[in-house]
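In: Sequence below, structure please.
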Amino acid sequence: MDRIDELIQNLHADLSPHTDRQFEAAIELGKSGDAAIRGRIIGELIKALSVQHQALTRAHAAEALGDFAAAQAIPALVEALKDPYRLVRSYAARALGKMRDREITKAIEPLVYQLGNDSFFGARAEAAEALGNLLKLCGDEKFGDDQLMEKARNAIERDDLIKLKESDGRFKRMVNEMNASIARLRPRAGRLSGADREILQQAEETSKRLV
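Out: Down below sits the predicted model:
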């Protein structure tokens, strides 16, 4: 049995008597740089998000999937936003914020919901940063999703997020990403439709209120 096989076995192993075996395997698998078996590792890490696994294993599996920027993990990570363990929800949001595939647009509404409703402050902050990363994608021609920008903008302009803005650097970075997206879109304003120009204008006004 080679090292990867051993780690995969440990990832799904019975917890007793070594309770740290699972999550340590998730961490080490996430560091693997072997492109030839990347797909296999990602598949096993997705399986490790199930509630049959230790809570810390689920958290570190989510973190590793984010480091891999594994687009095929997006549905499982979205589901992990509802995990009963708060660290899993936090790491899942962070992982989604690292994705660069257009499929990530499917995560916008779950992240907006998490930002407004998660009972754990840290998970809300991770959702804010993830939305900031998505806003950055909105400014790229490849994505250019004005509806995505509008939903993210609506999520961050609520008054009850002022505390988050003032006390967490991740939220501040999210606002900075929004400003950068606006800056990239502004030179193209003349080519935008009337509705899209209105969205851009609203985003600019929101940005001014959040500074």
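In: those helices in this structure, which residues are they?
Out: With DSSP state H applied, the chain shows helices at 3-11, 21-29, 38-47, 55-68, 74-80, 86-96, 108-117, 121-138, 146-156, 162-167, 169-185, 194-210, listed in chain order.
In: Show me where this structure dips below the pLDDT cut-off.
Out: Scanning the chain for pLDDT under 70 picks out 1, 15-19, 138-149, 151-153, 156-211.
In: Wait, residue 45 touches residue 32, no?
Out: No - taking contacts as C-beta atoms under 8 Å, residue 45 lies outside contact range of residue 32: 10.2 Å. Heads up, the C-betas are built off the backbone N, CA and C, glycines and all.
In: Could you check how far residue 63 is from residue 90?
Out: Using C-beta to C-beta, to the nearest Å, we find residue 63 at a distance of 9 Å from residue 90.
In: Settle it for me: which of those two has more neighbours?
Out: Higher neighbour count among residue 63 and residue 90: residue 90, with 26 against 22, using other C-beta atoms under 10 Å.
In: give me every residue that touches the more buried one.
Out: Neighbour list for residue 90: 59, 120, 122-123, 126 [criterion: C-beta atoms under 8 Å, 6 or more residues apart in numbering].
In: so which of these comes closest to residue 135?
Out: When the contacts of residue 90 are compared for distance to residue 135, the smallest value, 15.0 Å, is given by residue 126; criterion: C-beta to C-beta.
In: what comes up buried for stretch 116-131?
Out: Judged by neighbour count (16 or more other C-beta atoms under 10 Å), stretch 116-131 contains these buried residues: 118, 122-131.
In: Hmm, I typed the wrong one, I wanted stretch 98-109.
Out: Buried residues in stretch 98-109, defined by neighbour count with 16+ other C-beta under 10 Å: 98-99, 104-105, 107-108.
In: would a markdown table of the contacts of residue 90 with distance to residue 150 be doable?
Out: Rendered in a markdown table, the data for the contacts of residue 90 read as follows (distance: C-beta to C-beta, whole Å):
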| residue | distance to residue 150 |
| --- | --- |
| 59 | 31 |
| 120 | 26 |
| 122 | 26 |
| 123 | 23 |
| 126 | 22 |
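In: nearest to residue 41, of these?
Out: Residue 41 lies nearest to residue 59 out of these, by C-beta to C-beta, at 16.9 Å.
In: How many neighbouring residues does the closest one have?
Out: By the other C-beta under 10 Å criterion, the neighbourhood of residue 59 contains 25 residues.
In: The one 3 residues further on now?
Out: Residue 62: 32 surrounding residues under other C-beta under 10 Å.
In: now residue 44, nearest residue through space, not along the chain?
Out: Take residue 44 and drop its neighbours on the chain: the residue closest to it by C-beta to C-beta, 6 or more residues apart in numbering is residue 8, 5.1 Å away.
In: which residues touch that neighbour?
Out: Applying C-beta under 8 Å, 6+ apart, we find residue 8 in contact with 25, 29, 40-41, 44.
In: Including distance to residue 114 and neighbour count, could those residues go into JSON lines?
Out: Rendered in JSON lines, the data for the contacts of residue 8 read as follows (distance: C-beta to C-beta, whole Å; neighbours: other C-beta atoms under 10 Å):
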{"residue": "25", "distance to residue 114": "27", "neighbour count": "24"}
{"residue": "29", "distance to residue 114": "26", "neighbour count": "24"}
{"residue": "40", "distance to residue 114": "30", "neighbour count": "15"}
{"residue": "41", "distance to residue 114": "26", "neighbour count": "21"}
{"residue": "44", "distance to residue 114": "26", "neighbour count": "20"}
